[in-house]
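A.B. asks: what's the 3D shape of this:
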Amino acid sequence: MQNTPTNGAEPHTRSSRFVADKCPVEVAWQQALIDNIPYALMLALGAWIIQISVATATWSWPAALLYVAYGIVGVLWIMYFMCPYCHFYDTRLCPCGYGKLAVKLRRRQAGSEFARQFRKHIPVIVPLWFIPLLVGAYGLWRQFTWLLLILLAAFAINSFVLLPLLARMYGCAECPQKENCPWMGGCKSRHEQTDAVPHES
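C.D. replies: You can find the predicted model right below:
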């Protein structure tokens, strides 16, 4: 069922109207998969950096696998503690594709709490961006290799430039609740530049 009315009829709920008016195009699963590539690449590069940086072979692979597991748990953490508060919950409008997956973990929660949940739970996954850099810097100090240096550069470009840039330009730019988002607050989409849309309270 489409979230956008085709004949001018009113949607069933205020929240669905809010979402439909602001982001009428559903995200195909193929596109959602592509949008997750930078995050998956971050985990792959981070694990590789950790694997070759850890001093002992006994711990190098377990440490790399723990980092990947942390990244997967981080996704589930977001789905459980943030997605149920999002306007994209139980829709195919989420650029990451989490909206439909989160339904299987938890019921919808109060949308007015999204900003608070964002501030509270995003720090849980922030170390994912810094652990490989710290471990890799130690690896370079212990034994310099061009491979490790190139991996660190690739990780930094992907994680600190490409990933947030794509998120802001694509996923976040048209999000109907970005005004309440601690990361995107104040940014306006091309629709808002010409059309004022009331926010859900």
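A.B. asks: got the residue ranges for the helices in this protein?
C.D. replies: 14-22, 29-35, 37-53, 57-81, 98-102, 114-121, 127-142, 146-157, 163-166 (DSSP state H).
A.B. asks: most centrally placed residue in this protein?
C.D. replies: Cys96 (6.5 Å; Cα atoms, centre = their mean).
A.B. asks: Tyr39 versus that residue, what's the distance?
C.D. replies: Distance, Cys96 to Tyr39, using Cβ to Cβ, to the nearest Å: 8 Å. Every C-beta, even on glycine, is put in place using the N, C-alpha and C of the backbone.
A.B. asks: right, so of the helices of the chain, which gets closest to Phe88?
C.D. replies: Judged by Cβ to Cβ, the one of the helices of the chain that comes nearest to Phe88 is helix 98-102, at 4.3 Å.
A.B. asks: Now Met42: closest residue in space, sequence neighbours ignored.
C.D. replies: Ser159 (4.7 Å; Cβ to Cβ, 6 or more residues apart in numbering).
A.B. asks: quick one: contacts for the one you found?
C.D. replies: The neighbours of Ser159, taking Cβ atoms under 8 Å, 6 or more residues apart in numbering as the test, are 38, 42, 45-46, 129.
A.B. asks: And the pLDDT for Gln30?
C.D. replies: Looking at Gln30, its pLDDT stands at 74.
A.B. asks: actually Ala55, not the one I wrote
C.D. replies: At Ala55, pLDDT is 81.
A.B. asks: That one is in contact with Gln143, isn't it?
C.D. replies: No. Using Cβ atoms under 8 Å, Ala55 makes no contact with Gln143, being 9.1 Å away.
A.B. asks: How about stretch 29-37, which residues are buried there?
C.D. replies: 32, 35 (16 or more other Cβ atoms under 10 Å).
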